[in-house]
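Student: After the sequence you'll find the predicted model.
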Amino acid sequence: MTKFLAVCSTGLGSSFMVHMNIEKVLKELEIDGIEVDHTDLGSVAPSQADAVFVGRDIAEAASHLDDVVVLTSIIDLGELREKVRSAAERHGHTTS
């Protein structure tokens, strides 16, 4: 199963919000088979997820991770929708 991980500096507020929004977007796009979770930057390892979603404020600190998806705005659902669709396609999921 593919795993997407939302990451922020503390793993509590913004990563949880992005986590919930990724799940909402996956449902809208009718994409199954992707597990979503959230955590803090200090706890995440490169092998923990297939794609890691971060805000631009911690993009450089997350550069050691694999397939980092940088969000310009963590509240922009349009941006998130396009980046989730793209990440899903990179990991073998078809989108509508």
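Tutor: That came in fine, so what should we check first?

Student: State whether Asp32 is indeed within a strand.
Tutor: No - under the criterion used here (DSSP: H, G, I helix; E, B strand; the rest coil), Asp32 is coil, not part of a strand.

Student: residue ranges for the helices of this structure, please.
Tutor: In the chain, the helices defined using DSSP state H lie at 14-28, 77-90.

Student: and those helices as CSV, adding mean pLDDT and mean neighbour count?
Tutor: All C-beta atoms are positioned from the backbone trio N, CA, C, and that covers glycine. As requested, the helices of the chain are exported to CSV (pLDDT from 0 to 100; neighbours: other CB atoms under 10 Å):
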stretch, mean pLDDT, mean neighbour count
helix 14-28, 97, 19
helix 77-90, 97, 17
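
Student: these two touch, right, His93 and Asp50?
Tutor: No - checked against CB atoms under 8 Å, the pair His93 and Asp50 is beyond contact range at 10.2 Å.

Student: what sits in contact with each of the two?
Tutor: Thr2 (CB atoms under 8 Å, 6 or more residues apart in numbering).

Student: And for Ala59, the neighbour number?
Tutor: 14 (other CB atoms under 10 Å).

Student: Then Glu60?
Tutor: By the criterion of other CB under 10 Å, Glu60 has 11 neighbours.

Student: Equivalent analysis for the one 3 residues further on, please.
Tutor: Applying other CB under 10 Å, we find 10 residues neighbouring Ser63.

Student: For it, give me phi and psi.
Tutor: When read as degrees, to the nearest 10, the backbone of Ser63 gives phi -70, psi -20.
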